[in-house]
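1. based on what follows, work out the 3D shape:
(chains A, B, C and D, ligands or ions: 2)
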Number of protein chains: 2
Amino acid sequence: MKKNTKCPLRKSLRRILLYRGSLLRLQALGVNRFYSYTLGKETGVSAEQVRKDFSEYRIKGNQRGGYHVDQLISEMEHIFYKKGSQNIIVVGRGNIGSSLANYSNFIQRQINIVATFDIDPSKQRIRSEIPVYTMERLKEIIDRFAVRTAIVAVPEPAAQSVCDQLVEYGVGGIINFAPVILKVPDEVIINNINLSDEIESVIYCVSQACPEES
Amino acid sequence: MKKNTKCPLRKSLRRILLYRGSLLRLQALGVNRFYSYTLGKETGVSAEQVRKDFSEYRIKGNQRGGYHVDQLISEMEHIFYKKGSQNIIVVGRGNIGSSLANYSNFIQRQINIVATFDIDPSKQRIRSEIPVYTMERLKEIIDRFAVRTAIVAVPEPAAQSVCDQLVEYGVGGIINFAPVILKVPDEVIINNINLSDEIESVIYCVSQACPEES
DNA sequence: TAGTTATTGTTATATATTTCACAATATTTT
DNA sequence: AAAATATTGTGAAATATATAACAATAACTA
Ligand SMILES: NC(=O)c1ccc[n+]([C@@H]2O[C@H](COP(=O)([O-])OP(=O)(O)OC[C@H]3O[C@@H](n4cnc5c(N)ncnc54)[C@H](O)[C@@H]3O)[C@@H](O)[C@H]2O)c1
Ligand SMILES: NC(=O)c1ccc[n+]([C@@H]2O[C@H](COP(=O)([O-])OP(=O)(O)OC[C@H]3O[C@@H](n4cnc5c(N)ncnc54)[C@H](O)[C@@H]3O)[C@@H](O)[C@H]2O)c1
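-> Ligands and ions are numbered 1, 2, ... in the order given. Sure thing, here's the model as predicted:
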């Protein structure tokens, strides 16, 4: 792999996910072979980078023959090492929480939202495929579905306390939409998604005419 | 600034946005002075990194005295160089598009969603603060509000064609939620937000017990 | 006021990431 | 079957990013 001290992957993992997305699309289109530059063009990554990433993950192609779509996809599944789909939960069934709960394509990615939680009784009355529970049932559901990853989609003032509960009940990874940096023990993985920052960085780059990196 | 060949900022710009978020919170709490390690702790960044970033953007503090919250916030506004708030639009008034349109805190960040667009007549009947228009009015609204940045929140199959229209009508930056890498001329800034990837990378790291980078 | 101390600002060092360059080689062509 | 060719795989070089180290100094202390 790499000599990376902390963790054997970073940017490269993100790109593997990116490649997988493209390959799934190519697969659906019936394409069955591709080259590093094909995928590079598709994903906006240089061909060398694609090969380097594949090399890091021990993905082999054939010289002169490129790679096989089906084979690569299954190699990638193997990298992601899924024992079936992953049960996750969403805390906060507001705008973002509901968008996620309504999104039907997660299942293709083996992401399985088993429940959502909200303190607002009116939200708890929502009838949908994915249930809305009170916060009292958080521990029960986490245990029942062996949930290791959760999404935080509550307003900023509530986010840290929700996060603390999740960690207490054994969640090891959190995707956080609240615009606050959550404090967690070192071993807990946090992915902060700050949509305002995402938008603002584009606005900034547009007004400065500078290229964003992917 | 830096010797970065393409653009004078990357990770550092993202962090400046992060710092700003924290400082705005500190400001609201009535805090008026902070140190590199204070902000570092708040944002999960090392104190050295904070100072390095400030240095890159020519932000000065006082030795031994730290930095002033108010002053820093206004210096940051200056970096972002906003001539008042920025008019942006959202194409696709579905789950994500509506979440964005309903979000009341963008205004604090001087992000101003002036209109949304959808092909679905039922969406066009939505009555809300932020209007929903047919795609026919796209050019008119872009021109009227001098829109330079747009958000794409349509299903994947429609995303490229929507993107092409936006570019044709003069939009220079796009935040894209569809899980596809949009093809645009070099000068157009694209920020692809792939929520499946964001979730999946956490799931992966949790199952591998490896730390994510911020 | 002089000495002490905490904190900045920056230079140097270490690490990570990307790009380059090319040898190795499977496939295609003649 | 031999030669030509396109493509991979990877080590070396270039670039970017992060960490460490510390001199400079403003603020504090006595
Ligand atoms: N909607 C956007 O476009 C947008 C953009 C940027 C950031 N965000 C952030 O994402 C988060 C979610 O945004 P949203 O628009 O979905 O908000 P929302 O207000 O629509 O939904 C939040 C939900 O969380 C619930 N909630 C509040 N406190 C709770 C608690 N302690 N435990 C459980 N549930 C609780 C509320 O009842 C509500 O249903 C917020 O932190 C917001 O700042 C959203
Ligand atoms: N909702 C999520 O949690 C989630 C997660 C991951 C990715 N995404 C992606 O984000 C995008 C938006 O997701 P969503 O859940 O809001 O979808 P959605 O189906 O709720 O909304 C899409 C909207 O786009 C409109 N639309 C379709 N074609 C259009 C066109 N050509 N021009 C203008 N409008 C058009 C539809 O009428 C609909 O209102 C999709 O690409 C989706 O794959 C969403």
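2. so what's the nearest residue to A:Ser99 once chain neighbours are set aside up against?
-> The spatial neighbour of A:Ser99 that comes closest, neighbours along the chain excluded (Cβ to Cβ, 6 or more residues apart in numbering or on different chains), is B:Asn95 at 3.7 Å. No exception for glycine: its C-beta is placed from N, CA and C like everyone else's. Contact analysis of B:Asn95 by Cβ atoms under 8 Å, 6 or more residues apart in numbering or on different chains lists A:Ser98, A:Ser99, A:Asn102, A:Tyr103.
3. and the residues you listed as JSON lines, adding secondary structure and neighbour count?
-> Formatted as JSON lines, these follow (DSSP: H, G, I helix; E, B strand; the rest coil; neighbours: other Cβ atoms under 10 Å in any protein chain shown):
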{"residue": "A:Ser98", "secondary structure": "helix", "neighbour count": "23"}
{"residue": "A:Ser99", "secondary structure": "helix", "neighbour count": "21"}
{"residue": "A:Asn102", "secondary structure": "helix", "neighbour count": "14"}
{"residue": "A:Tyr103", "secondary structure": "coil", "neighbour count": "16"}
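4. now chain A against ligand 1: closest residue?
-> For chain A and ligand 1, the shortest gap (Cβ to the nearest ligand atom) falls at A:Gly94, measuring 1.6 Å.
5. hmm, A:Ala153 and that residue touching each other?
-> Yes - using Cβ atoms under 8 Å, A:Gly94 makes contact with A:Ala153 at a distance of 6.4 Å.
6. neighbour count for the two, which is higher?
-> A:Ala153 (28 against 18; other Cβ atoms under 10 Å in any protein chain shown).
7. contacting residues for that one?
-> A:Ala153 is in contact with A:Val90, A:Val91, A:Gly92, A:Arg93, A:Gly94, A:Ile96, A:Gly97, A:Leu100, A:Phe177, A:Ala178, counting by Cβ under 8 Å, 6+ apart.
8. swap in 10 Å and give it another go.
-> Listed by Cβ atoms under 10 Å, 6 or more residues apart in numbering or on different chains, the contact partners of A:Ala153 are A:90-101, A:116-118, A:159, A:162, A:175-178, A:193, B:99.
9. what are the phi and psi values for the residue of chain A most remote from its centre?
-> The centre of chain A is farthest from one residue, A:Arg64, which by Cα atoms, centre = their mean lies 33.5 Å away. Here is the backbone geometry of A:Arg64 (degrees, to the nearest 10): phi 70, psi -20.
10. against chain B, how distant is it?
-> Using Cβ to the nearest Cβ, to the nearest Å, one gets 27 Å for the distance from A:Arg64 to chain B.
11. from A:Tyr35, how far off is that residue?
-> A:Arg64 sits 10 Å away from A:Tyr35, going by Cβ to Cβ, to the nearest Å.
12. common neighbours of A:Gly94 and A:Ala153, please.
-> Residues touching both A:Gly94 and A:Ala153 (Cβ under 10 Å, 6+ apart): A:Thr116, A:Asp118, A:Phe177, B:Ser99.
13. can you select the buried ones from these in ChimeraX?
-> Remark: buried members of those, expressed as a ChimeraX selection using 16 or more other Cβ atoms under 10 Å in any protein chain shown:
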select /A:116,118,177 /B:99
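14. can stretch A:45-62 be said to contact DNA strand C?
-> Yes - judged by Cβ under 7 Å from any atom of the strand, stretch A:45-62 and DNA strand C are in contact via A:Ser46, A:Glu48, A:Gln49, A:Arg51, A:Lys52, A:Asn62.
15. list the buried residues of that stretch.
-> Those would be A:Val45, A:Val50, A:Arg51, A:Asp53, A:Phe54, A:Glu56, A:Tyr57, A:Ile59, A:Gly61, for stretch A:45-62 by 16+ other Cβ under 10 Å.
16. secondary structure element holding the fifth one?
-> Spelled out, that is A:Phe54. Using DSSP states H and E, the element containing A:Phe54 is helix A:47-56.
17. that helix - contacts with which helices or strands?
-> Of the remaining helices and strands, those touching helix A:47-56 by 3 or more Cβ pairs under 10 Å, 6 or more residues apart in numbering or on different chains; DSSP states H and E are helix A:11-28, helix A:36-43, strand A:67-68.
18. partner strands of the last one and their direction?
-> What that stands for is strand A:67-68. Strand A:67-68 has the following strand partners under DSSP bridges: strand A:33-34 (antiparallel).
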